[in-house]
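Q: Predicted structure and sequence below. I'll ask about it afterward.
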Amino acid sequence: MEKAVAGSCNSSRTRFKRILVAVAIVITTVWSANAVRYTVRIEELQPAQQVEGVVLDPSGAPIWGMTVTDRTENWEAVLRTTKTDEKGRFHFSRQSGKSIYHLFFYHQSFNELELRLKLDKHATQKGIIVRPEIGG
């Protein structure tokens with residue numbers, strides 16, 4: 001009789017654990033669906049010697065796989081696209097006669113970011129450092 005009670009208790013615990021996991025999944029899914037995402041626009045021109053940089057998360061770790069696009073002045077058309085490497089680096093070649101680049105950064109774990117990079121041979125940095133906010 002004791003074995004039947006112990007077996008019943010173990011199956012109740014297992015059922016309870018399964019229910020807890022299911023509830024956690026539902027809560028996480030609902031929370032993720034309601035997460036707010038927005039686009040951050042940095043108005044100030046970002047000076048750099050090259051059209052390149054590194055993308056870091058808030059802790060300073062590189063963000064791998066972020067999509068970086070070079071866009072038209074009105075931000076609507078995509079001219080070129082690249083992704084950051086495992087060290088968070090990206091690079092575009094210079095375009096003749098162009099000194100301001102409209103760069104758009106996208107990753108599913110971060111808020112979108114828009115900035116304008118201005119080529120300046122006297123800039124203190126070769127490239128820019130980009131730090132998007134965690135979002136949606």
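A: Now that the structure is in, tell me what you want to look at.
Q: In the protein, where is pLDDT below threshold?
A: Counting by pLDDT under 70, the chain has low-confidence residues at 1-10, 20-35, 136.
Q: rerun that using 80 as the cut-off
A: By pLDDT under 80, the weakly predicted segments of the chain are 1-37, 136.
Q: So which residues of it form helices?
A: Shown for the chain, the helices assigned by DSSP state H span residues 2-33.
Q: quick one, what contacts the residue lying closest to Ala77 once chain neighbours are set aside?
A: Using CB to CB, 6 or more residues apart in numbering and skipping the chain neighbours, the partner closest in space to Ala77 is Arg71 (6.4 Å). For glycine as for every other residue, the C-beta is placed from the backbone atoms N, C-alpha and C. Listed by CB atoms under 8 Å, 6 or more residues apart in numbering, the contact partners of Arg71 are 77-79, 102-104.
Q: Same question for Gln50.
A: Gln50 touches 91, 94, 119, 126-127, counting by CB under 8 Å, 6+ apart.
Q: again, 10 Å this time
A: By CB atoms under 10 Å, 6 or more residues apart in numbering, Gln50 lies in contact with 91-94, 117, 119, 121, 123, 125-128.
Q: Show the backbone phi and psi for it.
A: Gln50 has phi and psi values of phi -130, psi 160 when expressed as degrees, to the nearest 10.
Q: Quick check: the gap between it and Glu76.
A: 25 Å (CB to CB, to the nearest Å).
Q: Then Ile129?
A: 26 Å.
Q: The two: which has the busier surroundings?
A: Ile129 (13 against 8; other CB atoms under 10 Å).
Q: right, and Tyr101 touches Leu79 too?
A: Yes. In this structure, Tyr101 is within contact of Leu79 by CB atoms under 10 Å, at 9.0 Å.
Q: Who has more neighbours out of the two?
A: Neighbour totals were compared for Tyr101 and Leu79, and Tyr101 leads with 20 against 13 (other CB under 10 Å).
Q: So for the more buried one, what's the nearest residue that isn't a sequence neighbour?
A: Per CB to CB, 6+ apart, closest to Tyr101 is Leu117, 4.6 Å.
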